[in-house]
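Visitor: Output the structure for:
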Amino acid sequence: MRGHSKKYAAAATKRDIATKYQPKAAIELVKSAAFAKFDETVEVAVRLGVDPRHADQAVRGTVVLPAGTGKTVRVLVIAAGDKAREAEAAGADFVGTEYIAKIKENWLDFDVLIATPDQMGQLGALGRVLGPRGLMPNPKAGTVTFDVTRAVKEVKAGKIEFRVDKAGNVQAAIGKVSFPSEALESNFTAFMDQIIRSKPSATKGVYVRNVAISSTMGPGVSIDTTPYR
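Guide: Okay, the predicted model is just below:
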């Protein structure tokens, strides 16, 4: 426990490090072990048996969490004319092509950027600003689309994007510690179902190798991966 606080050490004693828990029990453990003074985020980490260096083994996708994410998502839509009006009606926080110039001046007060395909030419020049922050719209993520109404509503309802990192791990936030256990469990199930659906056909051997769940400050709890094999 060296390097961790007394509160973390106390929280860690609540879980057996050798046990692989069922999702419901793991979630309840994470909730009971959370000790921060703020409403911690609940995160899932999945270790996959893929080699992300090969394009045909890259895992990425989106999922709408049925119970939402617990945070207010600020949505910017780059669109013109009727599509801009649609985005406003759907509840986007910022709408219009004038925001391209603002982003060039390092304005980044939004969480998700949606763009219609006809605007992507102008956004391409902003790759160095948007790319490293994970804000560049992408057709696979549903953020480059003419169906701006659906895109905005899905993001507002709890749509998250995930992608495998260089080490073969996928991480995602599935809610807050204050969520009821049932809500976190339904979000966890939706996320894992989408991970399974995203399995690359080129993958050999065990696909889901390890699953752990934790809160922002709390210890990780291992989840039984048997159902995902």
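Visitor: quick one: the strands in this protein?
Guide: 41-48, 60-64, 75-78, 94-95, 112-115, 159-163, 169-176, 208-215, 221-223 (DSSP state E).
Visitor: The second one: which residues count as buried?
Guide: When burial is assessed from 16 or more other CB atoms under 10 Å, strand 60-64 yields the following buried residues: 61-64. In short, each C-beta sits where N, CA and C put it, glycine included.
Visitor: Where does pLDDT dip in this structure?
Guide: Scanning the chain for pLDDT under 70 picks out the ranges 1-4, 11-12.
Visitor: Looking at it, which helix is longest?
Guide: helix 181-197 (DSSP state H).
Visitor: Output that one as CSV - backbone C-alpha positions only.
Guide: Provided in CSV are the C-alpha atoms of helix 181-197 (Å, rounded to 0.1, in the frame of the first residue of the first chain):
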residue,chain,number,x,y,z
SER,A,181,-26.3,0.0,-8.3
GLU,A,182,-29.0,-1.0,-10.9
ALA,A,183,-28.2,2.0,-13.1
LEU,A,184,-24.4,1.3,-13.0
GLU,A,185,-25.1,-2.4,-13.8
SER,A,186,-27.2,-1.6,-16.8
ASN,A,187,-24.5,0.8,-18.1
PHE,A,188,-21.8,-1.8,-17.5
THR,A,189,-23.8,-4.4,-19.3
ALA,A,190,-24.4,-2.1,-22.3
PHE,A,191,-20.7,-1.2,-22.5
MET,A,192,-19.5,-4.9,-22.3
ASP,A,193,-22.1,-6.0,-24.9
GLN,A,194,-20.7,-3.4,-27.3
ILE,A,195,-17.1,-4.5,-26.6
ILE,A,196,-18.1,-8.0,-27.5
ARG,A,197,-19.9,-6.8,-30.6
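Visitor: What lies in contact with it?
Guide: 23-24, 27-28, 31, 42, 44, 46, 48, 59, 61-67, 158, 160, 162, 170, 172, 174-175, 179, 207-208, 211, 213, 228 (CB atoms under 8 Å, 6 or more residues apart in numbering).
Visitor: Weed out the non-buried ones from the residues you listed.
Guide: Buried members of those, counted by 16+ other CB under 10 Å: 23, 27-28, 31, 42, 44, 46, 48, 59, 61-65, 67, 158, 160, 162, 170, 172, 174-175, 179, 207-208, 211, 213, 228.
Visitor: Tell me what angle the longest helix of the chain forms with strand 41-48.
Guide: 30 degrees (axes from the mean of the first three to the mean of the last three CA atoms, to 10 degrees).
Visitor: now the angle from helix 181-197 to strand 169-176?
Guide: Following the same axes, to 10 degrees, one obtains 160 degrees for the angle between helix 181-197 and strand 169-176.
Visitor: Go through helix 181-197 and flag the buried ones.
Guide: For helix 181-197, the neighbour count (16+ other CB under 10 Å) marks 183-188, 190-192, 194-195 as buried.
Visitor: does A87 really touch A79, like I thought?
Guide: Yes: A87 lies in contact with A79 (CB atoms under 8 Å); the separation is 5.5 Å.
Visitor: Need the residues touching each of these two.
Guide: Contact criterion CB under 8 Å, 6+ apart; residues shared by A87 and A79: 95, 114, 148.
Visitor: so can I have JSON lines of those residues showing distance to I17 and neighbour count?
Guide: JSON lines is the format used below for the shared contacts of A87 and A79 (distance: CB to CB, whole Å; neighbours: other CB atoms under 10 Å):
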{"residue": "V95", "distance to I17": "49", "neighbour count": "24"}
{"residue": "I114", "distance to I17": "42", "neighbour count": "27"}
{"residue": "V148", "distance to I17": "47", "neighbour count": "27"}
